[in-house]
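>>> here is my input, please return the structure:
(one chain, ligands or ions: 2)
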Amino acid sequence: MIKREDVLSFLEEDFNLPSPLNVVTKLSNIIEQQDASASDVAGVIQYDPSLTGKLLKLSNSAAFRGSTAITCIEDAVLRIGFRRIKTLVLSLSLIDTFPKCNILDQYKFWKHSLSTAFTAEMIAQSIVKLPPPYDDFYVTGLLHDLGVLVLDQFTPETYLTLRGELIHSKSHLSDLERQHYGIDHAELGACMLRKWNLPDTLITATKLHHESGEAIRNHSLQAKILHLANFACNKQSLFNSIENEQEALYTESGWRASGLPISDIPSIVEYVTQKIEQVSAILEVVKAS
Ligand SMILES: [Fe+2]
Ligand SMILES: [Fe+2]
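Numbering: from 1, shown residues only. Ligands and ions are numbered 1, 2, ... in the order given. Take a look at the predicted model:
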């Protein structure tokens with residue numbers, strides 16, 4: 001029988017990945033300067049040839065409006081934009097950092113995470129109409145399911161058994177995870193973000209992303225927006241390779257209580273569909289490397 005302490009000590013002692021935000025610290029500092037130029041931003045990126053190659057490919061893809069060929073990173077920065085470059089660098093570096101999955105389909109996993117990131121950013125900007133920047137919302141969407149990857153690395157055979165049970169039952173993933181591991185991926189992911197010293201709002205949002213609308217009623221906008229973005233992606237069957245239809249159904253019933261407009265759900269779901277081209281372009285670049 002696996003104990004919760006075993007999972008937590010695996011995370012603490014054996015799962016030592018660098019914080020994904022370290023990668024973009026230098027880039028963030030440059031971008032925040034009022035007079036930053038594309039050449040300044042390109043100067044930071046060029047130190048990493050692999051990243052440079054991926055961003056050039058992305059800037060030439062149809063998904064990022066690649067009508068004329070771009071061959072230098074400075075032009076790629078101008079085409080993609082400073083802020084989007086930052087979130088792309090973060091995403092590409094994070095995907096590169098994680099070990100290959102054992103039983104999960106890692107591309108499906110990252111497709112879900114990237115879709116949730118783009119959607120959370122859009123909800124903050126266009127639905128809730130918050131002032132910029134929206135990076136924190138993107139980051140929350142990108143990181144919210146990392147606990148799933150930790151469990152896949154910890155005991156793949158147990159996760160395989162659990163996935164079989166999930167397919168043949170009406171249980172929720174989090175309930176089965178708590179039965180098998182004494183902890184679910186949302187809480188485990190939150191522990192990982194705490195280990196990286198990320199902000200409390202991000203940690204709490206991650207921990208709560210499978211709670212009902214009622215449960216997040218008194219929490220931050222970040223928690224509510226992540227909850228809705230995750231729900232919208234599951235609604236479009238963009239599952240993270242282990243979650244299933246149950247999640248989309250049960251969240252809908254409690255959503256109204258969270259305080260965000262339920263009438264906007266169709267347009268959010270529509271946005272997920274539109275954004276899938278960019279998400280797929282990112283994953284194509286990752287697969288090709
Ligand atoms: Fe999840
Ligand atoms: Fe998710």
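
>>> poorly predicted segments of the stretch 101-250 of the chain, please.
Where the stretch 101-250 of the chain drops to pLDDT under 70, the residues are 250.

>>> quick one: the helices in it, in order.
Using DSSP state H, counting those that start in this stretch, the helices of the stretch 101-250 of the chain run over residues 106-122, 135-143, 146-154, 156-167, 173-181, 185-195, 200-207, 221-235, 245-255.

>>> can you tell me the closest non-neighbouring residue to the closest residue to ligand 2 within the stretch 1-150 of the chain?
Nearest residue of the stretch 1-150 of the chain to ligand 2, counting by Cβ to the ion: Asp145, 4.3 Å away. The C-beta positions use only the backbone N, C-alpha and C, and glycine is treated the same way. Leaving aside its sequence neighbours, Asp145 sits nearest to Asn240 (Cβ to Cβ, 6 or more residues apart in numbering; 5.0 Å).

>>> surely that neighbour and Ser113 touch.
Yes: Asn240 is in contact with Ser113 according to Cβ atoms under 8 Å; the separation is 7.0 Å.

>>> who touches both of those two?
Taking Cβ atoms under 8 Å, 6 or more residues apart in numbering as the criterion, Asn240 and Ser113 both touch Asp145.

>>> got the CA coordinates for the longest helix along the chain in CSV?
In the chain, taking DSSP state H as the definition, the longest helix is helix 265-288. What follows is helix 265-288, C-alpha atoms only, in CSV (Å, rounded to 0.1, in the frame of the first residue of the first chain):
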residue,chain,number,x,y,z
ILE,A,265,-18.8,29.4,-21.7
PRO,A,266,-19.7,28.8,-25.4
SER,A,267,-17.4,31.6,-26.6
ILE,A,268,-14.6,30.3,-24.3
VAL,A,269,-15.1,26.8,-25.7
GLU,A,270,-15.0,28.3,-29.3
TYR,A,271,-11.7,30.1,-28.4
VAL,A,272,-10.2,26.7,-27.4
THR,A,273,-10.9,25.4,-30.8
GLN,A,274,-9.4,28.5,-32.5
LYS,A,275,-6.2,28.3,-30.4
ILE,A,276,-5.6,24.6,-31.1
GLU,A,277,-3.6,25.5,-34.3
GLN,A,278,-1.0,27.4,-32.3
VAL,A,279,-0.9,24.6,-29.6
SER,A,280,-0.4,22.0,-32.3
ALA,A,281,2.4,24.1,-33.9
ILE,A,282,4.2,24.2,-30.6
LEU,A,283,4.0,20.5,-30.1
GLU,A,284,5.2,19.8,-33.7
VAL,A,285,8.3,21.8,-33.0
VAL,A,286,8.8,19.8,-29.8
LYS,A,287,8.3,16.5,-31.6
ALA,A,288,10.8,17.5,-34.3
